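**Student:** Coordinates only, no sequence provided:
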Ligand SMILES: NC(=O)NCCC(=O)O
């Protein structure tokens, strides 16, 4: 344990379960370990972050060759204190992420995704505008877009949004997608800072499959995952920032359930650490004013459409989770369970259109 925080649920199982039972628990819960190159393991240890590798194998088919893809999920602390100059904080995050992404490249990762608003502290608890709005950048032309890869940022325009920028392996910006659901819970005062997204449920065709980004709070909305899947997403990333006291019991379930329900892979990523802010703020719950949001518990993981998942990264350390997926599993599970084929979408659409009307009368039979 680091301080009073549990390091990881999986380590707790390892420490306390008898060997035979642990084997069964791992078989039921997790994919298989993936061997990673020694140079990557050494670099991760020198750079002080956790590196884990897992794989999900699909059945060998007669006509379709395997569609193997490696994804890399990055979770990290902020580097500098939250009162350091804005540009120093951004540059420090760029260089930390740079050293983790170099290791992802050593591991043959094809698609890398970072945590929500990874260039900044999660300062939206404070409700102060300055200096936090200064972290917003142009999605097309900001420093961070020029930096590299597929990532998630705070977008500046005349309107501000919480935006994921997707950069292709050609180096070109493929597009952007904005956070659809803005939380109104606890200290997540994000509605003070940016608007609900208006980019719908965009899916990006990459050389390594069709990907989508369901940003943080969107993971509580099954229809949000569903719409990305309806548009053909094969892997849905969920870059997040969430704290233990609020959401940890839900964390292991939501992305996993979405992978099952939508015949796709899902990748849930959460930041780590406790971020301190100079001015204290209240949570509107009658409790004393405080300077931090609580502990961001990491635990990033990948879930597969057959219901299995990778173990989570640590609850306390920076980390890179490398997972090899065979996208053929999506089709195989879809052929087996046929959720997409058996879904009564036309009926749902009709009933939903009625349910959102102001004169909607719920269909309840009474005696
Ligand atoms: N960043 C964000 O949307 N957090 C909301 C809390 C949660 O979804 O657990």
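**Tutor:** That came through fine. Just so you know, these numbers come straight off a predicted model, no measurement behind them.
**Student:** So which bits of stretch 326-345 are buried?
**Tutor:** Using 16 or more other C-beta atoms under 10 Å as the test for burial, stretch 326-345 gives 326-334, 337. Placement of C-beta: from N, CA and C, glycine included.
**Student:** Let me fix that, I meant to ask about stretch 158-167.
**Tutor:** 161-167.
**Student:** which residues of the stretch 101-250 of the chain fall in strands?
**Tutor:** Assigned by DSSP state E, counting those that start in this stretch, the stretch 101-250 of the chain shows strands spanning 111-113, 151-155, 161-167, 173-178, 204-206, 209-213, 235-240.
**Student:** per-stretch mean pLDDT over these, give me the minimum one.
**Tutor:** Of all those, strand 151-155 carries the lowest average pLDDT, namely a mean of 62.
**Student:** Residue of the stretch 51-200 of the chain closest to the ligand, please.
**Tutor:** Closest residue of the stretch 51-200 of the chain to the ligand, C-beta to the nearest ligand atom: residue 183 (3.8 Å).
**Student:** Neighbours of that residue, how many?
**Tutor:** By other C-beta atoms under 10 Å, the residues close to residue 183 number 20.
**Student:** what does residue 362 give?
**Tutor:** 6.
**Student:** That one and the ligand, how far apart?
**Tutor:** 28 Å (C-beta to the nearest ligand atom, to the nearest Å).
**Student:** Give the closest residue to that residue in space, chain neighbours not counted.
**Tutor:** Leaving aside its sequence neighbours, residue 362 sits nearest to residue 355 (C-beta to C-beta, 6 or more residues apart in numbering; 8.0 Å).
**Student:** And for residue 32?
**Tutor:** residue 55 (5.3 Å).
**Student:** tell me which residues of stretch 26-38 are tucked away?
**Tutor:** Within stretch 26-38, the residues scored as buried using 16+ other C-beta under 10 Å are 26, 29-31, 34, 36.
**Student:** Could you tell me the end-to-end distance of it?
**Tutor:** Stretch 26-38 has its terminal residues 24 Å apart, counting by C-alpha to C-alpha, to the nearest Å.
**Student:** what's the answer for stretch 117-130, then?
**Tutor:** By C-alpha to C-alpha, the extent of stretch 117-130 from end to end equals 16 Å.
**Student:** cool, stretch 332-347 as well?
**Tutor:** By C-alpha to C-alpha, one end of stretch 332-347 lies 26 Å from the other end.
**Student:** contacts for it?
**Tutor:** With contacts defined as C-beta atoms under 8 Å, 6 or more residues apart in numbering, stretch 332-347 is touched by 58-59, 61, 261-263, 305-306.
**Student:** And for stretch 125-136?
**Tutor:** For stretch 125-136, using C-beta under 8 Å, 6+ apart, the contacting residues are 86, 89-90, 117, 119-121, 123-124, 154-156, 160, 187-189, 192-193, 277, 279, 281, 293.
**Student:** which one is residue 245 nearest to, not counting chain neighbours?
**Tutor:** Of all residues not flanking residue 245 in the chain, residue 294 sits nearest, at 5.4 Å (C-beta to C-beta, 6+ apart).
**Student:** After the strand or helix carrying residue 52, which helix or strand is next?
**Tutor:** Residue 52 belongs to strand 50-56 when assigned by DSSP states H and E. Next along the chain after strand 50-56, taking DSSP H and E as the criterion, comes strand 68-75.
**Student:** tell me what that next one is packed against?
**Tutor:** Judged by 3 or more C-beta pairs under 8 Å, 6 or more residues apart in numbering; DSSP states H and E, strand 68-75 is in contact with helix 86-106, strand 111-113, strand 265-270, strand 301-303, strand 319-326.
**Student:** Centre of the chain to the third one, how far?
**Tutor:** Right, strand 265-270. 4 Å (C-alpha atoms, centre = their mean, to the nearest Å).
**Student:** Would you mind getting the angle between that strand and strand 68-75?
**Tutor:** 20 degrees (axes from the mean of the first three to the mean of the last three C-alpha atoms, to 10 degrees).
**Student:** and strand 265-270, which strands flank it?
**Tutor:** The strands that strand 265-270 pairs with in its sheet are strand 235-240 (parallel), strand 301-303 (antiparallel) (by DSSP bridges).
**Student:** Which one of those lies nearest to the ligand?
**Tutor:** strand 235-240 (6.0 Å).
**Student:** Please list the residues of the stretch 1-150 of the chain that sit near the ligand.
**Tutor:** Taking C-beta under 6 Å from any ligand atom as the contact definition, the stretch 1-150 of the chain meets the ligand at residue 116.
**Student:** pLDDT below threshold where in the stretch 1-150 of the chain?
**Tutor:** 1-3, 148-150 (pLDDT under 70).
**Student:** one step back: now for the buried residues of stretch 26-38: which two are most distant?
**Tutor:** Comparing all pairs in the buried residues of stretch 26-38 by C-beta to C-beta, the longest separation belongs to 29 and 36, at 20.6 Å.
**Student:** picking that back up, turn the contacts of stretch 332-347 into TSV, including neighbour count.
**Tutor:** Below are the contacts of stretch 332-347 laid out as TSV (neighbours: other C-beta atoms under 10 Å):
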residue	neighbour count
58	21
59	9
61	12
261	18
262	24
263	22
305	28
306	18
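**Student:** before we move on, the earlier item: so can I have JSON lines of the buried residues of stretch 326-345 showing secondary structure and distance to the ligand?
**Tutor:** Conversion of the buried residues of stretch 326-345 to JSON lines gives the following (DSSP: H, G, I helix; E, B strand; the rest coil; distance: C-beta to the nearest ligand atom, whole Å):
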{"residue": "326", "secondary structure": "strand", "distance to the ligand": "30"}
{"residue": "327", "secondary structure": "coil", "distance to the ligand": "27"}
{"residue": "328", "secondary structure": "helix", "distance to the ligand": "32"}
{"residue": "329", "secondary structure": "helix", "distance to the ligand": "27"}
{"residue": "330", "secondary structure": "helix", "distance to the ligand": "25"}
{"residue": "331", "secondary structure": "helix", "distance to the ligand": "30"}
{"residue": "332", "secondary structure": "helix", "distance to the ligand": "31"}
{"residue": "333", "secondary structure": "helix", "distance to the ligand": "27"}
{"residue": "334", "secondary structure": "helix", "distance to the ligand": "28"}
{"residue": "337", "secondary structure": "helix", "distance to the ligand": "28"}
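**Student:** This completes my enquiry, with thanks.
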